[in-house]
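Asks: the following block contains a protein sequence and its predicted model.
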Amino acid sequence: MPPIIEVRDLVKVYGGGRGPGRQEAVRAVDGISFSVEEGEFFGFLGPNAAGKTTTIRVLTTLLTKTSGSVTVGGHEVDRGAAAIRRIIGYTGQSVGVDGDLTGRENLTLIGHLYHLPRDVIRRRVDDLLTVLQLDEAADRPAITYSGGMRRRLDLGAGLVNLPRILFLDEPTTGLDPQTRNAVWDYLRRLHKEEGMTIFLTTQYMEEADRLCERLVIMDQGRIVTEGTPARLKAEIGADVITVHLKQDGSFVRGRERALALAQGAHGVVRATAFDEGVSVHAKDGGATLLEVLRLLDSEGVAVRQVAISQPSLDEVFLQHTGRQMRVEEVKPQRGPMERRR
Amino acid sequence: MAEAGVAAGSEGAAVTGPGAAATGGPAGRAPGPPSAAVPGPDPRSGPRERLSEVWWVAWRQLRKLTRNPFLLFWSLMMPLIWLILFSQTFSKVFERGASLPGATPLPYDFVAVMLPGIAVMTAIQSSAQSGFGMVMDMDSGFMDKLFVAPIHRSSVLLGKLLADGLRMAGQAAIVLFIAWAFTHAFGWRIPFAAGPGGTALIVLLAAGFGMAFSGLSNTVALRSRNTETTMLVSFTLTFPLLFLSSAMLPEALLPTWVQDFSRVNPVSYLADASRPLILTGWNITAIGHAVAAIAIMGILLNGLAMLSFRRLGR
């Protein structure tokens, strides 16, 4: 069976237009290719401005691409937009619910926009409100909802048409851990019980690790690596020792020294420098940790913090980009990128 | 989640788009295995679906209005305030003028001359705000919800226009109703020469004009994506359009250059069609001109808005 989503050499350039609103051209997505199989739980992991939202907006027909080929459900995005819209659900980064309408009215309206029969809409909206635990608040204007409730309602809006593919753009950003867990559970069940294909973007390593069967790591408009979370972590093939160094005047020299020392230590598979120190992959983490610390101490390199861990997607990201991924919890309402969508 | 699973499963057979039912095409897709997902004929195809899209977008706008009692109250207060302000403030000037030696006393009050202008003004004020909601929907992400749904983009604009039109018609009707009530209760001298039918036509013309003018506010909103800009542009144009027209005073009383401008100002055509309906009776030619002016302006401005709308996401 052909992949349900197929992307080849997708490029999206913003700006560079004419007129008073003219902006510097920005290559938000810079030639990416990937495909998603039907029924897969697929993730796009990356920091802010990596190009995740741009990609998802092209896939959901909200944004036209600059070049490359994109098909969703067998339909080409430019010519088959209408057909694509009928088989997808979308929950965006900004919560697109109407605060003046009640939760029930929000979902019912969406149902009517999909031309579903009234009785189907009524039943499905009831079910969604129950599952999303919004039934008590169902007939209150959504403006009275908490952030988590609005997020859940927004998720419900993406499901009214029982989509074949559900697109989620950072669905848990800004949620408290409890609500986040509830959303995760719900998504897992949707995937398992309905066989729904889910395409999710996230900047949370943990989210990608727990939910996604396969993922792509994106940074600065490009895909840096791709695979199952297990395989990506296994590629590192060792324990991970992260040494954060003191950020003082001698930091750069200290890091160089630390890198050289670590590379020479016993059992080290690979050592890489990152913006706050050195990351060391070793077969036997415990033994190597002691040796590295001893070496650093004898050379007088000031250590701020040391951690030893099983490899996580953090290390995968670090290894492929040379940077630690930072999650910006407080996001601007609308970035410059989104202004020109 | 068991609930959703079961519910979704049992619903499967019923999930048939109205388009599929109408044309006897294959059943709409059932949830579950992908092989069951046979897309039916395009449910967007029929005019019935299109009308339903427009209606639901309009329904949402109207529901928003009723959910904001203050907004509803003030949008109804505005016409009343205009009516009182203009009738009271300028009435003395008019009386003086009419009582000058050699002048013929008129059988009606100044407010009767102003009334059509006030109805139009109310509609214009509302249409100047039309773009606000557009900007807010773009910011909140609600517009994305509309755009990922399988509906025509034009339905979003038309639905909004329909809701705006209904609101403006309501406002204009209130102005005229209050004027009628005052005529009976306080002895205002307003002839209502063309009767209830003519008065209803004024309501329709005012709402039609308001809908046509909404295109400007929406175009600015879609281009600027900024509420302040939208407000500024629309309000700045509103008053010149009103005062450089025959809506406030009959053309003969205007300075020459204003007369020249007022002849190309669509507001004048509206006033010239509406005023006789209050003062003297039906003037079919003037009504024809007004309808043409509204149509030309409406197609032009809303066409621009539609172009801007289509540009979103490029």
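Replies: Nice, thanks for sending it over. Residues are numbered from 1 along each chain as shown, chains lettered A, B, ... in the order given.
Asks: residue ranges in the stretch 151-300 of chain A under the pLDDT threshold?
Replies: For the stretch 151-300 of chain A, the stretches flagged by pLDDT under 70 are A:237.
Asks: report the secondary structure element holding the residue of it found nearest chain B.
Replies: Across the stretch 151-300 of chain A, the shortest distance to chain B (Cβ to the nearest Cβ) belongs to A:Arg189, at 3.6 Å. Placement of C-beta: from N, CA and C, glycine included. With elements delineated by DSSP states H and E, A:Arg189 resides in helix A:177-194, which encompasses its position.
Asks: by contact count, what packs against that helix?
Replies: Helix A:177-194 makes packing contacts with strand A:41-45, helix A:147-157, strand A:197-202, helix A:205-211, helix B:2-11 when contacts are defined by 3 or more Cβ pairs under 8 Å, 6 or more residues apart in numbering or on different chains; DSSP states H and E.
Asks: for A:Leu175, what are its contacts?
Replies: Taking Cβ atoms under 8 Å, 6 or more residues apart in numbering or on different chains as the contact definition, A:Leu175 lies against A:Gly147, A:Gly148, A:Arg151, A:Val183.
Asks: list just the nearest of those to B:Thr122.
Replies: Distances from those to B:Thr122 were compared by Cβ to Cβ; the smallest belongs to A:Gly147, at 38.7 Å.
Asks: what count of nearby residues applies to the nearest residue to the closest one once chain neighbours are set aside?
Replies: Closest residue to A:Gly147 apart from its sequence neighbours, by Cβ to Cβ, 6 or more residues apart in numbering or on different chains: A:Gly174 at 6.3 Å. Using other Cβ atoms under 10 Å in any protein chain shown as the criterion, A:Gly174 is surrounded by 15 other residues.
Asks: which parts of the stretch 101-250 of chain A sit against chain B?
Replies: When proximity is defined by Cβ under 8 Å from any Cβ of the partner chain, the stretch 101-250 of chain A lies next to chain B at A:101, A:105, A:109-110, A:112-117, A:119-120, A:123-124, A:127-128, A:130-131, A:141, A:157, A:162, A:164, A:185-186, A:189-190, A:193-195.
Asks: which of the residues you listed are buried?
Replies: If you count burial by 16 or more other Cβ atoms under 10 Å in any protein chain shown, the buried members of these come out as A:101, A:105, A:109-110, A:112-117, A:120, A:123-124, A:127-128, A:131, A:141, A:157, A:162, A:164, A:186, A:189-190, A:193-194.
Asks: which stretches of chain B form strands?
Replies: The residue ranges that make up strands in chain B, judged by DSSP state E, are empty, as it has none.
Asks: any regions of it where pLDDT drops low?
Replies: Scanning chain B with the threshold set as pLDDT under 70 gives B:1-45, B:98, B:103.
Asks: rewinding a little: in what helix or strand does the residue nearest to A:Gly147 lie?
Replies: A:Gly174 belongs to no helix or strand, assigned by DSSP H and E.
Asks: where does pLDDT dip in the stretch 1-150 of chain A?
Replies: Along the stretch 1-150 of chain A, the model assigns pLDDT under 70 to residues A:16-23.
Asks: just the helices from it, written as ranges.
Replies: Assignment of helices within the stretch 1-150 of chain A using DSSP state H, counting those that start in this stretch yields the ranges A:52-59, A:81-87, A:103-113, A:118-131, A:147-157.
Asks: can you give the distance of the fourth one from its chain's centre?
Replies: Right, helix A:118-131. What separates the centre of helix A:118-131 from the centre of its chain is 29 Å, taken as Cα atoms, centre = their mean, to the nearest Å.
Asks: run through the neighbouring helices and strands of that helix.
Replies: Here helix A:118-131 is seen to pack against helix A:103-113, helix B:2-11 when contacts are counted using 3+ Cβ pairs under 8 Å, 6+ apart.
Asks: now do the first one against helix A:147-157, angle only.
Replies: Inter-element angle recorded for helix A:103-113 and helix A:147-157: 20 degrees (by axes from the mean of the first three to the mean of the last three Cα atoms, to 10 degrees).
Asks: okay, the angle between helix A:103-113 and helix A:118-131?
Replies: Angle between the axes of helix A:103-113 and helix A:118-131 is 140 degrees (criterion: the same axes, to 10 degrees).
Asks: picking that back up, the contacts of A:Leu175 into CSV, with extra columns for distance to B:Arg153 and neighbour count?
Replies: As requested, these are arranged in CSV below (distance: Cβ to Cβ, whole Å; neighbours: other Cβ atoms under 10 Å in any protein chain shown):
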residue, distance to B:Arg153, neighbour count
A:Gly147, 30, 12
A:Gly148, 32, 18
A:Arg151, 27, 23
A:Val183, 31, 21
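Asks: just the residues you listed now: which is nearest A:Ile5?
Replies: Ranked by distance to A:Ile5 (Cβ to Cβ), the contacts of A:Leu175 are led by A:Val183 at 22.0 Å.
Asks: my read: the closest one touches A:Thr173, true?
Replies: No - with contacts defined as Cβ atoms under 8 Å, A:Val183 does not count as touching A:Thr173, sitting 10.8 Å away.
Asks: do I have it right that A:Thr242 meets A:Arg304?
Replies: No - applying Cβ under 8 Å, one finds A:Thr242 not in contact with A:Arg304, separated by 10.9 Å.
Asks: any residues in contact with both of those two?
Replies: Taking Cβ under 8 Å, 6+ apart as the contact criterion, the common neighbours of A:Thr242 and A:Arg304 are A:Gly277.
Asks: okay, now A:Glu299: neighbour count?
Replies: One way to gauge burial is a neighbour count; for A:Glu299, by other Cβ under 10 Å, it gives 12.
Asks: what does B:Pro107 give?
Replies: Counted with other Cβ under 10 Å, the burial measure for B:Pro107 works out to 9 neighbours.
Asks: excluding chain neighbours, what is closest to it?
Replies: Residue nearest to B:Pro107 in three dimensions, not counting chain neighbours: B:Arg189, with 6.8 Å by Cβ to Cβ, 6+ apart.
Asks: what's the burial count for that neighbour?
Replies: B:Arg189 has 12 neighbouring residues, counting by other Cβ under 10 Å.
Asks: does it touch B:Phe110 like I think?
Replies: No - counting by Cβ under 8 Å, B:Arg189 sits too far from B:Phe110 to count as a contact (9.5 Å).
Asks: A:Glu6 touches A:Gly73, doesn't it?
Replies: No - using Cβ under 8 Å, A:Glu6 is not in contact with A:Gly73, being 10.0 Å away.
Asks: so which of those two has more stuff around it?
Replies: Legend: neighbour count by other Cβ under 10 Å for A:Glu6 and A:Gly73, higher for A:Gly73 (21 against 16).
Asks: neighbours of the residue nearest to B:Ser224 when sequence neighbours are not counted, how many?
Replies: What sits nearest to B:Ser224 in space, not counting adjacent residues and going by Cβ to Cβ, 6+ apart, is B:Thr230, at 6.3 Å. Per other Cβ under 10 Å, the neighbour tally for B:Thr230 reads 26.
Asks: got it, and B:Gln88?
Replies: The burial count assigned to B:Gln88 is 11, neighbours taken as other Cβ under 10 Å.
Asks: then B:Ala181?
Replies: When neighbours are defined as other Cβ under 10 Å, B:Ala181 has 11 of them.
Asks: again with B:Ser262
Replies: Neighbours of B:Ser262 using other Cβ under 10 Å come to 23.
Asks: what of the one 5 residues further on?
Replies: B:Val267 sits with 27 neighbouring residues when counted by other Cβ under 10 Å.
Asks: that one and A:Val269, how far apart?
Replies: Taken as Cβ to Cβ, to the nearest Å, the spacing of B:Val267 relative to A:Val269 amounts to 79 Å.
Asks: next up, the contacts around A:Val58.
Replies: If you count contacts by Cβ under 8 Å, 6+ apart, then A:Val58 has A:Leu10, A:Lys12, A:Val29, A:Thr64, A:Lys65, A:Val70, A:Val77 around it.
Asks: try it again with 10 Å
Replies: When contacts are counted by Cβ atoms under 10 Å, 6 or more residues apart in numbering or on different chains, A:Val58 touches A:7, A:10-12, A:28-29, A:51, A:64-66, A:68, A:70, A:72, A:77-78, B:313.
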